[in-house]
Each structure stands twice: as C-alpha cells, then as structure tokens.
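> Provided below for reference: sequence and predicted model.
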Amino acid sequence: MPRKLTTAQAPFKLRVANLAFGSDPSRGPIGNPVKVRSTFKTQFLPQIPGRGESFGDATQADATPGLRTLQWTLLENPTTGTPVLATGTLTVADNNFSEPAYIYLGNYTLMSGSQFAVGGGAAATATNIAAAINACPGFSALAAGTLVTITGPAGPAGNTILFAATYEGTIQNFTLVPTDGSLTGAEPILGPVEIG
C-alpha cells in the first residue's frame, strides 16, 4: 500500500511591492499612485514517500499515492498554539445486531461479534467498541453510557480520517457525529496565505 507523509517547512514572508490604486502611464509620474509594500506569509508542505499512513483501501478518500508540495499556511490553535486531536462520537442507537454491522476508522474495520462483543445492553456494547478502538494504533476512545468519544491524529490529516458505519441488515445500530464520513476538529489546519 502506498505511504506518504505531509510535512511542514518553516513559514516565510515575502515582501511584495504593489500600487495603492490603478495606474495611468499617460499621466506621468505625478498622476500615478505611490508604491505600497505588503507581506505574504506562506509555507511549503512537501510530501515524503514511504512514510506516514498507508493508503490503499478502496474506502479511503486519499488512496492516490501521488506526491506533491502544497503551499499553504499552517494555522495553529490561536489560544494554545498546540496541536488538537481529531474527534468524533458514536452512539449505540440499537443493540439488536441480528446482522453484522461495521465501523470504519481510518484503515481499520471493526465488525460486530468479531472485533467487538455485542450484548449486555447498549452501554456494554459501547464499552466493548471503545476497547476495540483503543486497540487500534493512533486512536483512543472512551465510553460513557451508549456514547463513545473517539480521538484520532492531530493536524490537517486528522480531519480526513475515514469514520463511517455500514450494516448488512436494515437496522442502523450507530449514530455517528460528524456524519460526513471523517473525523473533525483537528488542528493545526491548512489556511490561505496571510497578507500583512
């Protein structure tokens, strides 16, 4: 499976001379605007082959092994300046697992009755799901009643970690938040060039 790691180089500023307003060369030096200076803060985020997460599962959104260098600004938490882990929640909404149900978390697939035990009520099943997630490197989970709070990696890649569920039967055993198929809330995030 292809592996790649996106790294961040130190940010840098460029000074760019630009005009205060539109220019009309026919008016000569008196009628033309003054030059003002602006700074643009950006940084390069090159990908390194052979390191990082393995992408190759057909369900993984970022399965392409291509390498590239991104140019963004890495925006850290303005309050603490420290990385923030990606999170999501799973609620055991129906404890009737007459047909298998699957939880997808990154490259891991957790199947009911196989990777986690079912029974003893929805809260017991949630505790078993949390234990199964804690056994997956890079992830942790905590069960409180029927609610399982999941944490994953920090940084931009944390917000693209696959987080979904499927069912072989008609019973939807889980309620996931967020519902868009990935974890959320990880920082730092990739932002635009900062103009100063």
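Structure's in. What do you need? Note that this is a predicted model, so its numbers are computed, not measured.
> for this protein, what spans make up the helices?
Counting by DSSP state H, the chain has helices at residues 122-134.
> how is it divided into domains?
3-76+190-195, 85-188 (automatic domain parsing).
> ok, longest strand in this structure?
strand 35-49 (DSSP state E).
> that one: partners in the sheet, and parallel or antiparallel?
strand 3-6 (antiparallel), strand 12-19 (antiparallel), strand 69-75 (antiparallel), strand 194-195 (antiparallel) (DSSP bridges).
> tell me how many other residues crowd the residue nearest to V177 when sequence neighbours are not counted.
Spatial nearest neighbour of V177, excluding adjacent residues (C-beta to C-beta, 6 or more residues apart in numbering): T89 at 4.7 Å. (C-beta placed from N, C-alpha, C; glycine too.) When neighbours are counted by other C-beta atoms under 10 Å, T89 registers 16.
> and T89, what are its bridge partners?
Beta-bridge pairing for T89 (DSSP bridges): T149, V177.
> that one and T7, how far apart?
Noted for T89: a distance of 30 Å to T7, by C-beta to C-beta, to the nearest Å.
> what do you get for S182?
For S182, the distance to T7 (C-beta to C-beta) stands at 21 Å.
> so those two - more neighbours on which side?
Neighbour count, other C-beta under 10 Å: between S182 and T7, S182 has more, with 19 against 12.
> wait, that one sits on P156?
No. Checked against C-beta atoms under 8 Å, the pair S182 and P156 is beyond contact range at 11.7 Å.
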